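Participant: next input, structure requested:
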Amino acid sequence: MLHITKVFWYSLVICVAIVLWGFISPESLNGLTSLATVFIYDQFAWLYIFVIVAMISVCIYFMFSRFGRVKLGKDNDEPEFSLLAWFAMLFSAGMGIGLMFFTTAETISHAFISSPNATPGSEQAIVESLQYAMFHWGLHGWGLYSIVALVLAYFKFRVGAPGLISATLEPLFGKKIMRGPVGHIVDTLAVFATVVGVASTLGFGSAQINSGLTYLFNAPKTLWFQLIILAIATVLFIVSAWSGIGRGIKYLSTINIVIAFVLLILLFFVGPSTYILNLFTTSIGKYAGNFIEMSFELKPVNGDQRQWINDWTIFYWAWWISWAPFVGMFIARVSKGRTIKEFIAGVLLAPTLVTFIFFAVFGGSALYLEQNGLAKLSTLVTETVTFGMYEHYPLGTVLSLITVVVIAIFFITSADSATFVLGMFSTGGQLNPSNTVKIVWGLTLALMAAIVMYSGGIKGFQNMLIISALPLSLIVSLMVLSFYKIIKEKES
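Facilitator: Next comes the predicted model:
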């Protein structure tokens, strides 16, 4: 049965307004949001850092506390999905296209374009590049996803609350919050952040698929061709979302994680294997040894270094925070029946390790080429760095073809997961929202992504994510306090 709430209409109107704004005046969109972003960077970077670090600490506490044995569901509930399917779905939703997009491009950037502590191209910059990439994509981001997902799963499956962000705040503010204007604002903000974040990612994905097809088949690298890619992908992810989590989303995620690991193994063996292993080992040591310092570093004295922190670290923390409602809700939805200890091990530790391995293999292979003067990958635009790297290794065409397939499926799984979650958020937290609602949100995501590509407005959309992360960081903090209050009462 179709169940439409006020949050659905509020969110849809805001998204349509943003689409029109980006279409009519992208310069205005970019300019105004940039001013707000600079203000947030200057005044609230410290808040993002404390929130992110606090979430890791909370995860570790719950994993090893007496609450670790508590099930996300009733005591006799069993997991709905196998370990492989569960991990594949949560990893695809949380990482997605970024795995193929940034593993090479970010590592090359830190080493040869803009380094946090050293001269670009120096030995220190190269060694630190993978360390900082791991920092940005490791425990900090997955710790945030873990705690948001844990809170949502506990409230949904243990307490029996609706699948809404606002529902998790009831122990602090009472039942009226979910049905009142404050609850509507909280849930609308979660929808808005999800739409803008996923639309930006779809814009990235279309550009990278286009680059891969240009490399493989000399396809035109133009806006209209990217729009065709987006249109085809939209049809596919709406069909996947229509089929539900138990079929389309589960099967696509599982297939893709297997293909991604095949790609990883192939690149490791045709690439500089020993160099990758040495760099991985060194980077793990530096990541662990400098974990506390990196976590709290804001470079308050050196302006240039502070700008690097803003452009990379604070941007990533804001990005993770703005994605937390969407990814957290999706992970919660597929995690019924698991204990808190098992859940945190699966959502915090396992994805972090897998992410480190992917960055080491892809980033290490790219660094080896540029360090030894075999390629100039730092001159390439972001979406072409991976394909430019493949040109210099055996099986380059095969690797490129597999990469295009992986990106395409990640594209679909990220979008269909988002479509499913948007349906939940905008229908009062229904576990299985109607197909009509999912189609509406699927088309909205596609339109937003099209505006990103048409206007070159990706910066404006990224800025809106950073802006939305400010209130969301406070909401996430309140969610954790509310969760601690209720779990102490119910599980004592």
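
Participant: distance of residue 118 from residue 111?
Facilitator: As defined by CB to CB, to the nearest Å, residue 118 lies at a distance of 9 Å from residue 111. Using the backbone N, CA and C atoms, a C-beta is placed for each residue, glycine as well.

Participant: more neighbours, these two?
Facilitator: More crowded of residue 118 and residue 111, by other CB atoms under 10 Å: residue 111, with 30 against 16.

Participant: and the longest helix for the chain?
Facilitator: helix 26-64 (DSSP state H).

Participant: go through that helix and flag the buried ones.
Facilitator: Buried residues in helix 26-64, counting neighbours by 16 or more other CB atoms under 10 Å, are found at 26, 29-30, 33, 37, 40-41, 44-45, 47-49, 51-56, 58-59, 62-63.

Participant: check stretch 160-169 too.
Facilitator: Result for stretch 160-169 [16+ other CB under 10 Å]: buried residues 161, 162, 163, 164, 165, 166, 167, 168, 169.

Participant: can you redo the residues you listed as TSV with secondary structure, pLDDT and distance to residue 202?
Facilitator: Converted to TSV, the buried residues of stretch 160-169 look like this (DSSP: H, G, I helix; E, B strand; the rest coil; pLDDT from 0 to 100; distance: CB to CB, whole Å):
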residue	secondary structure	pLDDT	distance to residue 202
161	coil	91	31
162	coil	89	28
163	coil	88	24
164	coil	91	25
165	coil	93	23
166	helix	92	27
167	helix	92	28
168	helix	94	28
169	helix	93	30
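
Participant: identify, from those residues, the entry nearest to residue 475.
Facilitator: residue 165 (6.7 Å; CB to CB).

Participant: show the contacting residues for the closest residue to that closest one other than its chain neighbours.
Facilitator: Closest residue to residue 165 apart from its sequence neighbours, by CB to CB, 6 or more residues apart in numbering: residue 190 at 4.8 Å. Taking CB atoms under 8 Å, 6 or more residues apart in numbering, we find residue 190 in contact with 165, 325, 326, 329, 425, 472.

Participant: chain neighbours aside, what residue packs nearest to the fifth one?
Facilitator: It stands for residue 425. Counting by CB to CB, 6+ apart, the residue nearest residue 425 is residue 191, at 5.0 Å.

Participant: tell me which helix or strand in this protein has the weakest average pLDDT.
Facilitator: Ranked by mean pLDDT, DSSP states H and E, the weakest helix or strand in the chain is helix 176-179, scoring a mean of 72.

Participant: so how far is that helix off the chain centroid?
Facilitator: Between the centre of helix 176-179 and the centre of its chain there are 29 Å (CA atoms, centre = their mean, to the nearest Å).

Participant: just stretch 267-285 next, same as before
Facilitator: Relative to its chain's centre, stretch 267-285 lies at 25 Å (CA atoms, centre = their mean).

Participant: then stretch 218-232?
Facilitator: With CA atoms, centre = their mean, you get 24 Å for stretch 218-232.

Participant: could you do stretch 477-489 as well?
Facilitator: 25 Å.

Participant: which parts of that stretch are buried?
Facilitator: For stretch 477-489, by 16+ other CB under 10 Å, it's 477, 479, 480, 482, 483, 484, 486, 487.
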